Each structure stands twice: as C-alpha cells, then as structure tokens.
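Visitor: Sequence and computational prediction follow.
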Amino acid sequence: MARILIVDDEVAIRKALERFLLGLKYEVVSATDGEAALRLVEENTVDLALIDLVMPKMDGIELIGRLKRAQPSIVPIVLTGFGTITSAVEAMKAGAYHYLTKPFELDDIASLIATALEHRQLKEENRLLKSQLRDKYRFENIVGTSDEMAAVFDMVEKVAETDSTVLVTGESGTGKELVARAIHYNSPRRDKPLVVVNCAAIPEELLESELFGHVKGAFTGAVATKAGRFDAADRGSIFLDEIGDMSLKLQVKVLRVLQEQRFEPVGSTSTHQVDVRIIAATNQDLEVLVRGGYDADVHLVR
C-alpha cells in the first residue's frame with residue numbers, strides 16, 4: 001500500500017487526514033513543518049505528500065522542491081486556506097500534481113489521491129519500459145565481432161550523441177533497424193518517441209498522408225483530420241526504412257523537413273513545425289542511383 005506524508009501545522013486537519021487515510025488502508029506519516037517532513041523522507045520512501053502551503057520555518061513551495069530533490073517520484077498535492085492564482089502557479093512550477101483550497105471534502109481528497117497514485121504508477125512503468133528499451137539497444141547487445149562490425153559500432157556510438165541525419169545502408173536482413181534503434185536509444189532524444197515507417201510497405205498514394213497527416217476532406221475517404229508520423233515523432237526520431245523506394249515527389253517534401261523542420265498536411269495550408277531527427281535506411285546504393293544531388297549533414301553507416 002502507498003505511503004502518504006501529511007505536512008500541516010494545523011493539528012486538527014493533520015489528525016483528521018491521518019484517521020481518514022489510515023481508514024483507507026494507506027500507510028501514513030505526518031509532520032508539523034517542512035524540516036520535520038524532510039527528516040521523515042530521509043528515513044521513509046514516500047509515494048505522495050499532502051502539503052500545507054503556509055507553515056512556519058519553510059513554506060510549501062520550498063518544501064515541494066526539496067522533497068522532489070530528495071525523492072523525485074514523490075507526488076505533491078498542495079492544501080491551503082490561502083489559495084490564489086499566483087500561489088497555484090508557483091506550486092505547479094515547483095512540481096505539485098494538484099492544488100486544493102481549504103475547506104475540502106475528504107471524499108474529494110480520496111479521489112484525488114487515487115488518481116495521483118495511478119498517474120505516478122503509469123509514469124514509473126513508462127520510465128521502466130524506456131529503461132528496458134535503452135538496455136535492449138545498448139551497443140554491446142548488437143551481435144557481431146568482425147572488424148567491419150566493430151567499425152559499425154564505433155560509427156553508431158559517434159553519431160548517436162549528435163543530432164545529425166543518419167542513413168543506414170545494407171542488404172535486407174542485416175539489422176539496419178536494430179542499428180537505427182541503437183542510435184535513437186543512445187541519443188539525447190532517448191526519452192522521446194521513435195516512430196518507425198516502412199516506406200516500401202505503404203502504397204505510394206497513402207504514404208504522404210501517413211507521414212504528414214491530412215485534413216478532413218483532403219481526398220476520398222478522408223472522413224476526419226489525421227495527424228501524421230512526423231507529428232507523432234516531434235522531439236524524437238523517425239526511422240524511414242527503405243527510403244530508396246519513396247517517390248521523387250515525396251522526397252522533395254521530406255527534404256523540406258530536413259532543411260526547415262516544417263511541412264503541410266495533405267489538403268492543408270497550415271504549416272506544422274516539428275523537431276525531428278531523421279534516421280533512414282535502404283538496401284539500395286543511393287550514391288550510384290542518384291550520382292550527386294543534395295548533400296546535407298549525413299553520416300553513412302554501412
């Protein structure tokens with residue numbers, strides 16, 4: 001069961017909350033001020049904290065910051081009889097999950113705590129999943145001992161920390177997507193989405209909409225506005241597999257994203273601005289096929 005910390009210098013409120021939360025089978029620890037609360041956190045893992053805003057020695061805003069530094073996963077909820085818009089904004093900036101003014105209903109507190117703890121659990125599960133993905137795509141988990149693979153590992157490690165566009169070339173089945181995932185999950189964008197698109201598997205007439213989205217009525221069957229893969233990859237990476245099969249018309253639109261990080265959905269005149277790193281792959285020799293053309297900041301990983 002979750003452990004809840006109550007920090008309030010009003011004895012009646014603190015005791016009432018203690019009895020109520022113990023009745024809901026939570027573990028409860030309480031303190032009369034911020035300094036006592038910090039001492040409790042040194043000795044106990046706390047899941048959620050109910051914090052009065054105005055207290056002697058240390059106010060609730062400062063306490064939230066110090067609690068989050070001590071235990072980043074703590075979910076703070078501010079309870080105060082001196083609620084203002086300014087204090088609410090300050091509390092949220094400090095890391096508060098929610099803000100309630102006194103007097104409050106105990107049933108409302110129970111509902112809010114349940115929601116906050118569920119939110120905390122989802123964040124923790126998300127953090128663990130991302131950690132597992134990073135571990136899965138660590139460089140040493142890519143199998144290969146030859147001199148050629150050692151050179152690939154070295155190149156992947158170098159480009160992962162940059163924000164450069166990457167082209168991965170090689171025959172089908174040689175692990176190009178594995179290399180792309182290793183680049184993303186070892187990059188500064190590792191906590192943001194990696195969106196994978198197989199350009200060869202999507203019909204040409206649908207690929208533009210899949211990548212850039214469309215507005216309602218843009219074409220037959222567009223019954224609703226749809227966001228594209230580039231929107232989904234914002235602040236993360238997009239992996240365009242088999243980019244050599246993309247039409248020249250669509251390549252021009254992707255080139256604009258490379259140059260300006262912006263595009264228009266199909267049927268729309270509004271421009272979407274994104275921050276996306278492009279990792280592409282192909283089993284074709286593009287240098288031979290193109291024989292020149294646009295040359296951006298691209299690393300070739302063979």
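Guide: Done, it's in. Residues are numbered from 1 along each chain as shown.

Visitor: which residue ranges form the strands in the stretch 1-150 of the chain?
Guide: Ranges of strands in the stretch 1-150 of the chain, per DSSP state E, counting those that start in this stretch, are 3-7, 27-31, 48-52, 75-80, 98-101.

Visitor: out of those strands, deepest packed?
Guide: Stretch with highest mean neighbour count among the strands of the stretch 1-150 of the chain: strand 48-52 (a mean of 25; mean count of other C-beta atoms under 10 Å). Any C-beta I mention is one placed from the backbone N, CA and C, and that applies to glycine too.

Visitor: which outside residues touch that strand?
Guide: 2-10, 13, 17, 37, 60, 63-64, 67, 74-80, 96, 109, 113, 116-117, 120 (C-beta atoms under 8 Å, 6 or more residues apart in numbering).

Visitor: ok, of the strands of the stretch 1-150 of the chain, where does mean pLDDT dip lowest?
Guide: Lowest mean pLDDT within those: strand 98-101, at a mean of 81.

Visitor: Would you map the helices across the stretch 201-302 of the chain?
Guide: 204-212, 229-232, 248-260, 286-290 (DSSP state H, counting those that start in this stretch).

Visitor: And those: which comes nearest Tyr26?
Guide: helix 229-232 (37.8 Å; C-beta to C-beta).

Visitor: Okay, buried residues for that closest one please.
Guide: 229-231 (16 or more other C-beta atoms under 10 Å).

Visitor: TSV for the residues you listed, including distance to Glu157?
Guide: Output for those, formatted as TSV (distance: C-beta to C-beta, whole Å):
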residue	distance to Glu157
Arg229	27
Phe230	27
Asp231	30
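
Visitor: and which of those is nearest to Ile278?
Guide: Within the buried residues of helix 229-232, the smallest distance to Ile278 is 9.2 Å, found for Phe230 (C-beta to C-beta).

Visitor: Confirm for me that that closest one is in contact with Phe239.
Guide: No. If you go by C-beta atoms under 8 Å, Phe230 and Phe239 don't touch, sitting 12.0 Å apart.

Visitor: got any residues that touch both of the two?
Guide: Common neighbours of Phe230 and Phe239 (C-beta under 8 Å, 6+ apart) are Val195.

Visitor: which residues touch the nearest residue to Thr271 once chain neighbours are set aside?
Guide: Excluding its sequence neighbours, the residue lying closest to Thr271 (C-beta to C-beta, 6 or more residues apart in numbering) is Arg262, at 5.2 Å. The contact partners of Arg262, taken as C-beta under 8 Å, 6+ apart, are 256, 271-274.
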